[in-house]
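J.: Build me a structure from this.
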Amino acid sequence: MLFQTIDEARRFIAGVTSADMTDALVALLIPVLVLDPAPGGGANTGALGHLGGTPVMSAAIDWPIPAMPDNIDAIAENGGSTHGPHIRQKLEQNLPYSFIGQLDLASASGALPGDDSLPDHGRLLFFYDIDTGPWDTGTRAGKVIWDRSPASDAIRHPTPVALKKAEET
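T.: Residues are numbered from 1 along each chain as shown. The predicted model follows:
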């Protein structure tokens, strides 16, 4: 079951168990981000960028793959007996990151009044290891790429074959 907030989860759990058990169960909750496809199956696009779909980035940039962690067993153990074997399998496959979305910095710099902390060119591309990231407390679970190439040099990259095959299983 998914909850919008920890408080919502706490209220639900408290309705079916003791206060001590509620605290213990709430402590085990793992935050999750879910992206659903737009109607018609396309990416959610807008002037500032898009969520989901595939990245539009320089042809010179390869789709990123996370570094193989030294602590596969420790990460898998975080998933317990239910998720641990699946997490270990995915880590051992060393799959490419899933694409989350991107931000067009030229558009964003004008859309955020008074905020000059973002560069005014290129794109920020956000990737995440959706299969193992929630159990990996290190920095390898996500990657942000600043693609500084001109928009005219950017192409839509197809989803890597290995990632498509893994999604089918």
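
J.: where are the low-confidence patches of the protein?
T.: 1-2, 31-47, 109-116, 169 (pLDDT under 70).

J.: please redo it, this time with the cut-off set to 50
T.: 40-41, 43-44 (pLDDT under 50).

J.: for the chain, what spans make up the strands?
T.: Using DSSP state E, the strands found in the chain span residues 44-46, 49-51, 56-58, 98-104, 123-128, 142-147, 154-156.

J.: Need those strands in a markdown table (columns: mean neighbour count and distance to residue 76).
T.: (Each C-beta comes from the backbone N, C-alpha and C, glycine too.) Below are the strands of the chain laid out as a markdown table (neighbours: other Cβ atoms under 10 Å; distance: least, Cβ to Cβ, whole Å):
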| stretch | mean neighbour count | distance to residue 76 |
| --- | --- | --- |
| strand 44-46 | 13 | 32 |
| strand 49-51 | 20 | 29 |
| strand 56-58 | 20 | 31 |
| strand 98-104 | 21 | 19 |
| strand 123-128 | 21 | 18 |
| strand 142-147 | 16 | 19 |
| strand 154-156 | 14 | 34 |
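
J.: Please verify my assumption that residue 61 contacts residue 148.
T.: No. Counting by Cβ atoms under 8 Å, residue 61 stays clear of residue 148, with 10.0 Å between them.

J.: more neighbours, those two?
T.: residue 61 (15 against 11; other Cβ atoms under 10 Å).

J.: what are the bridge partners for the residue nearest to the more buried one when sequence neighbours are not counted, then?
T.: Once flanking residues are discounted, residue 61 sits nearest to residue 147: 6.0 Å by Cβ to Cβ, 6 or more residues apart in numbering. Bridge pairing for residue 147 (DSSP bridges) gives the partners residue 123.

J.: can you pull the contacts of residue 147?
T.: Residue 147 makes contact with 57-58, 61, 122-125, 154 under the criterion Cβ atoms under 8 Å, 6 or more residues apart in numbering.

J.: ok, so what distance separates it from residue 6?
T.: Per Cβ to Cβ, to the nearest Å, residue 147 is found 35 Å from residue 6.
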